[in-house]
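Novice: missing the sequence, but the structure's below:
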């Protein structure tokens, strides 16, 4: 973003997206999971798509911004994004997450319940985790927040704040602590490349690797 934003505005728009997340999650639990046959999971996906589109439209119109996903794409940036995706898997999934799981067992159990639910609807889960979440989160956290805050507060402060707010969007301690680390690296990738697309690619690639690992049979 060329125009800066205030810290208050950054927190506000993070809270607005969190509200959208709470809405479609509550709708899923209260309505779609009780729907007949298998239609509920597809209605849930539709709800998430509509909420994502609605929030993005609101963000763009209220802030009078233009988001060019394909700006500043380079072969080097794509390679860095792919490297980040693999790095995240080994550092977070294989390194930090097991450690955090031992420290916060209740959060780990909640996380495992979410994984079991995703396994029940792998196709819907794939679009939610590997496509929609990286898309909207990178536009908001890196393109809008990090880009806007860095104008007014400098890159260092903006990087920390955007990573912190990104972490708060995750619902348990196991994910939150790892998300903060992930947010810092994705922020550095954005500052280095200037490309939201590369951040989406790195985020989506990491989620895809993790998601495929989740889908494998497990003794846990």
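Specialist: Now that the structure is in, tell me what you want to look at. Note that the coordinates shown come from a computational prediction; the quantities given were computed from them, not determined experimentally. Numbering: from 1, shown residues only.
Novice: for this protein, which element, helix or strand, carries the lowest mean pLDDT?
Specialist: Lowest on mean pLDDT, DSSP states H and E among the helices and strands of the chain sits helix 105-120, with a mean of 80.
Novice: what is that one packed up against?
Specialist: On a contact count with 3 or more CB pairs under 8 Å, 6 or more residues apart in numbering; DSSP states H and E, helix 105-120 meets helix 97-103, helix 122-126, helix 173-193, helix 196-215. In this view, the C-beta of every residue, glycine as well, is placed from N, C-alpha and C.
Novice: contacts for that helix?
Specialist: With CB atoms under 8 Å, 6 or more residues apart in numbering as the test, helix 105-120 has contacts from 41, 100-102, 125, 129, 171-175, 211, 214-215, 220.
Novice: quick check: angle from it to helix 173-193?
Specialist: Angle, helix 105-120 to helix 173-193, by axes from the mean of the first three to the mean of the last three CA atoms, to 10 degrees: 70 degrees.
Novice: quick one: helix 105-120 to helix 196-215, angle?
Specialist: Interaxial angle of helix 105-120 relative to helix 196-215 (the same axes, to 10 degrees): 90 degrees.
Novice: now helix 105-120: buried residues?
Specialist: 107-108, 111, 114, 118 (16 or more other CB atoms under 10 Å).
Novice: cool, and stretch 10-30?
Specialist: Neighbour-count burial for stretch 10-30 [16+ other CB under 10 Å]: 10, 13-14, 17, 20-21, 24, 27-28.
Novice: with stretch 158-178 instead?
Specialist: So stretch 158-178, judged by 16+ other CB under 10 Å, has buried residues 158-163, 165-178.
Novice: on that earlier part again, rebuild the helices and strands packed on helix 105-120 as TSV, extending it with distance to residue 84.
Specialist: Shown next, in TSV, are the helices and strands packed on helix 105-120 (distance: least, CB to CB, whole Å):
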stretch	distance to residue 84
helix 97-103	17
helix 122-126	20
helix 173-193	6
helix 196-215	4
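Novice: out of these, which is closest to residue 88?
Specialist: helix 196-215 (4.0 Å; CB to CB).
Novice: output the below-cut-off pLDDT ranges for the protein.
Specialist: Scanning the chain for pLDDT under 70 picks out 1-2, 36-37, 217-220.
Novice: ok, now with 80
Specialist: By pLDDT under 80, the weakly predicted segments of the chain are 1-3, 35-38, 108, 111-112, 114, 117, 171-174, 216-220.
Novice: phi, psi for residue 154 please.
Specialist: Reported as degrees, to the nearest 10, the phi and psi values for residue 154 are phi 90, psi 160.
Novice: burial measure for the nearest residue to residue 126 once chain neighbours are set aside, as a count.
Specialist: Distances taken as CB to CB, 6 or more residues apart in numbering place residue 211 nearest to residue 126, at 6.3 Å, with adjacent residues excluded. Using other CB atoms under 10 Å, residue 211 is surrounded by 18 other residues.
Novice: circling back: now render the buried residues of stretch 10-30 as CSV, adding secondary structure.
Specialist: Formatted as CSV, those follow (DSSP: H, G, I helix; E, B strand; the rest coil):
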residue, secondary structure
10, helix
13, helix
14, helix
17, helix
20, helix
21, helix
24, helix
27, helix
28, helix
